[in-house]
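**Student:** Here is a sequence together with a model predicted from it:
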Amino acid sequence: MPAAPQFQSEFLRTFVERGAYYDCSGPAELDGLFAKERVTAYIGFDCTADSLHVGSLVQLMTLRRLQQAGHKPILLMGGGTTKAGDPSGKDETRQLLTNEQIEANKQSILSGIRHLLKFGDGPSDAILVDNAQWLDKLEWIPFLREVGRHFSVNRMLSMESVKLRLDREQPLSFLEFNYSIMQAYDFVELYKRYGCRVQSSGSDQWGNVVSGIDLGHRLVGTQFYGLTTPLITTASGAKMGKTAAGAVWLNAGRVSPYDYWQFWRNTEDGDVGRFLRLFTDMPLAEIKRLESLQGAELNDAKKILATAATAILHGSEAADKAADTARRAFEDGAMAEGLPTITAKLPDGILNLAVAAGLAASNSEARKLITNNGLKLNDAAVSDPKLMVDASALNADGVLKLSSGKKKHVLVKPA
RNA sequence: GGAGGGGUGCCCGAGUGGUUAAAGGGGACGGACUGUAAAUCCGUUGGCUACGCCUACGUUGGUUCGAAACCAACCCCCUCCA
């Protein structure tokens, strides 16, 4: 990571202090820009799913901090680029999404992050922009003549993202090759429409950001700037945001506030301070104190992290509720309401219930879980896969608790 | 368009006619130890109405008592050439 320059502007200083700074172009000028005026900056996201996940959270926090510092964030949704079908990442071509799906995804993504950013018409309110607005209307030849001529294939081939692919002998379609051109073009459009001169992104997007800056020079003769955030990995080196159940989605419909809270609660020791800085608004002095806690005491810091991070995404009410549910479930060993809950008709076989509760993907898996002593009914290990569960297993509140391992609990209510 | 190489389970990757539901690794899940952490160790890792049955090695068809392995056609990917 490049050494962070000594910035003067409030925004960039905070950005560095909170560990979100990786690199930027023209640091001195950019710093001056942030110090003297309200800056409009954007970050782009794809619309391939109906929710963003934790991997995008650093970027979203960047928008949030821009807003907090009085600047204007633009959330650029890749409605146009998604229509083309981004072939990156996987070796299979992704299924093309219909316009309706993309629109639905866009709305869903937006609803999932409504606590993170304030949208509106105010000077530092965030705005949502969809690049389909301009990409859809482009014409091939005029576009090539106006924009395409500024791109050197020689240089594009040497870009990290492209080179990596070629070196690994993985397919790289022409479509994908064009992505950096479309992204660069987005930057220019956002400048024309909103006076946006700053693009933020993950450090892996540096090449594309630079392309946009170059294009700005050539097309409109204006100096653009790039600001990147580091790739966040856990202390033990894993990519952040993947758990048992898959990606940690931001939308409550995919990952409940309770599960989201749990995700942060299970942060590795070595990450607590860093994550507090990156993913909460907590004052730095307080973070310093929390991360200095030793051993088991660090668990308290993790709870604070979990509640603060959940509050930013889902609101403080939901966060407090998740914290309370967790406290009762883990510390009091109670059947705290607020745990994930399903309804099922009883009596039913234990295997069916475990599958219905999402604790196992199939009866076989549930069976294996039992063999490994991992499935619990009301905190008692189940040993018989043929066990029939009936109303006698219900507690005073009329629910029963199924658990896989020590951490995953699901309440079952009779239908 | 031509020549060559390749498509195996969540991922990577062995396997060139039977003992292969498929070595090994990664990941994931469970157990032990802990602090709902990390590291370590152990177990599990296609499905089912389960000592048996079904489905699986790009697709379809064929050879064979028997195929992921052999043959044919097709689809897709990579490399080089034009």
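**Tutor:** Perfect, thanks for sending it. Remember, it's a predicted structure, so these values are computed and weren't measured experimentally. Numbers count the residues shown, from 1 in each chain, chains lettered A, B, ... in the order given.

**Student:** tell me which element A:D214 falls in.
**Tutor:** helix A:206-220 (DSSP states H and E).

**Student:** Dump the C-alpha coordinates for that helix into PDB.
**Tutor:** Extracted in PDB, the C-alpha atoms of helix A:206-220 (Å, rounded to 0.1, in the frame of the first residue of the first chain):
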ATOM      1  CA  TRP A 206      -7.500   1.400 -10.500                       C
ATOM      2  CA  GLY A 207      -6.900   0.700 -14.200                       C
ATOM      3  CA  ASN A 208     -10.400   1.600 -15.100                       C
ATOM      4  CA  VAL A 209     -10.400   4.700 -13.000                       C
ATOM      5  CA  VAL A 210      -7.200   5.900 -14.700                       C
ATOM      6  CA  SER A 211      -8.800   5.200 -18.100                       C
ATOM      7  CA  GLY A 212     -11.600   7.500 -17.100                       C
ATOM      8  CA  ILE A 213      -9.200  10.200 -16.000                       C
ATOM      9  CA  ASP A 214      -7.400  10.000 -19.300                       C
ATOM     10  CA  LEU A 215     -10.600  10.200 -21.200                       C
ATOM     11  CA  GLY A 216     -11.700  13.200 -19.300                       C
ATOM     12  CA  HIS A 217      -8.500  14.900 -20.300                       C
ATOM     13  CA  ARG A 218      -9.000  14.100 -24.000                       C
ATOM     14  CA  LEU A 219     -12.700  14.500 -24.300                       C
ATOM     15  CA  VAL A 220     -13.500  17.500 -22.100                       C
END
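
**Student:** Whichever helix or strand comes after it pairs with which strands?
**Tutor:** Counting by DSSP H and E, the next helix or strand C-terminal to helix A:206-220 is strand A:225-229. Using DSSP bridges, strand A:225-229 pairs in its sheet with strand A:23-24 (antiparallel), strand A:198-202 (parallel).

**Student:** picking that back up, check which helices and strands the helix holding A:D214 sits against.
**Tutor:** helix A:160-167, helix A:179-194, strand A:198-202, strand A:225-229 (3 or more C-beta pairs under 8 Å, 6 or more residues apart in numbering; DSSP states H and E). All C-beta atoms are positioned from the backbone trio N, CA, C, and that covers glycine.

**Student:** I'd assumed A:I74 was in a helix, is it?
**Tutor:** No - with DSSP: H, G, I helix; E, B strand; the rest coil as the criterion, A:I74 is strand rather than part of a helix.

**Student:** Quick one: residues contacting it.
**Tutor:** Taking C-beta atoms under 8 Å, 6 or more residues apart in numbering, we find A:I74 in contact with A:T40, A:A41, A:Y42, A:I43, A:A126, A:I127, A:L128, A:V129, A:L190, A:Y194, A:C196.

**Student:** one step back: how far away from the center of its chain is the helix holding A:D214?
**Tutor:** Mean-position distance between helix A:206-220 and its chain equals 26 Å (C-alpha atoms, centre = their mean, to the nearest Å).

**Student:** for stretch A:50-63, same thing?
**Tutor:** The gap between where stretch A:50-63 is centred and where its chain is centred comes out at 3 Å by C-alpha atoms, centre = their mean.

**Student:** re earlier: so which of the helices and strands packed on helix A:206-220 comes closest to RNA strand B?
**Tutor:** Closest approach to RNA strand B among the helices and strands packed on helix A:206-220 (C-beta to the nearest atom of the strand): helix A:160-167, 5.9 Å.
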